[in-house]
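Participant: Return a 3D structure for these sequence lines:
(one chain, ligands or ions: 1)
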Amino acid sequence: VVLAHPALERSRANRAMAVAAECTNEARLHDLYEAYPDYLIDVPAEQARLSAHDVIVLQFPLYWYSCPALLKEWIDLVWLHGFAYGEGGVALQGKTLACACSTGGRDVNYGPFGHNRFTMDEFLRPFEATAHLCGMRWVKPFIAHGAALLEEEDLSRTGKAYHAWLRQLADRSARARAA
Ligand SMILES: Cc1cc2nc3c(=O)[nH]c(=O)nc-3n(C[C@H](O)[C@H](O)[C@H](O)COP(=O)(O)O)c2cc1C
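Facilitator: Numbering: from 1, shown residues only. Predicted coordinates:
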């Protein structure tokens, strides 16, 4: 789980989700803003980490209908030609890519008639296209909508649902590996 939240100390949704990820035996959490507060990304180390895992989950709060800047920088610098795509770029082939996002907007706002006009699947198309380009399997995202409105019990429910979603991803990937 590659987590990108620039102010995790003020986060509610992503913090609850990060705690749930840390409690999931199969998952490893990698906090990009903690690792690289200066944006100086260790590209070989990140490529080695990607190579070592079968399922890559990008977890972030939706910022301007996309991901926070450091996650974009990480993709730009790490998912290189010859590594992730292009000639000889087979490192990610057969792995799974997914997004886990929180949004300020409620679910009713994400649709053709909602305030934000488009669905989350549509906003996440660049990630889906990235998965396709790199020969990865794309799975439907985990979305925690209306993050500012979540009460303690909603946060706990979100954490549990995320934990179950991560476990399901891990199980599916283990089954695919065994087949
Ligand atoms: C710079 C910035 C841009 C944001 N853009 C969006 C957006 O495009 N859509 C949306 O629903 N919420 C947007 N939000 C709200 C965040 O997604 C929301 O605060 C976050 O998901 C809450 O998660 P957290 O509790 O982990 O911080 C934005 C917030 C910030 C600070």
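Participant: name the element Met17 belongs to?
Facilitator: Counting by DSSP states H and E, the element that carries Met17 is helix 13-22.
Participant: Can you name the residues of the protein that neighbour the ligand?
Facilitator: The chain comes close to the ligand at residues 5, 11-14, 61-65, 102-105, 147-148, as judged by C-beta under 6 Å from any ligand atom. Yep, even glycine has a C-beta here, placed from its N, CA and C like the rest.
Participant: which outside residues touch the helix holding Met17?
Facilitator: Residues lying outside helix 13-22 but in contact with it, judged by C-beta atoms under 8 Å, 6 or more residues apart in numbering, are 1, 3, 5, 8, 27, 29, 31, 57, 59-61, 100, 102, 144, 147, 150, 155-156, 158-160, 162-163, 166.
Participant: what do you get for stretch 57-71?
Facilitator: 1-6, 11, 13-14, 17-18, 21, 27, 32-33, 36, 39, 72, 97-105, 116, 118, 123, 126-127, 147, 166, 169.
Participant: I'd say Tyr33 and Ala4 touch.
Facilitator: Yes: taking contacts as C-beta atoms under 8 Å, Tyr33 lies within contact range of Ala4: 6.4 Å.
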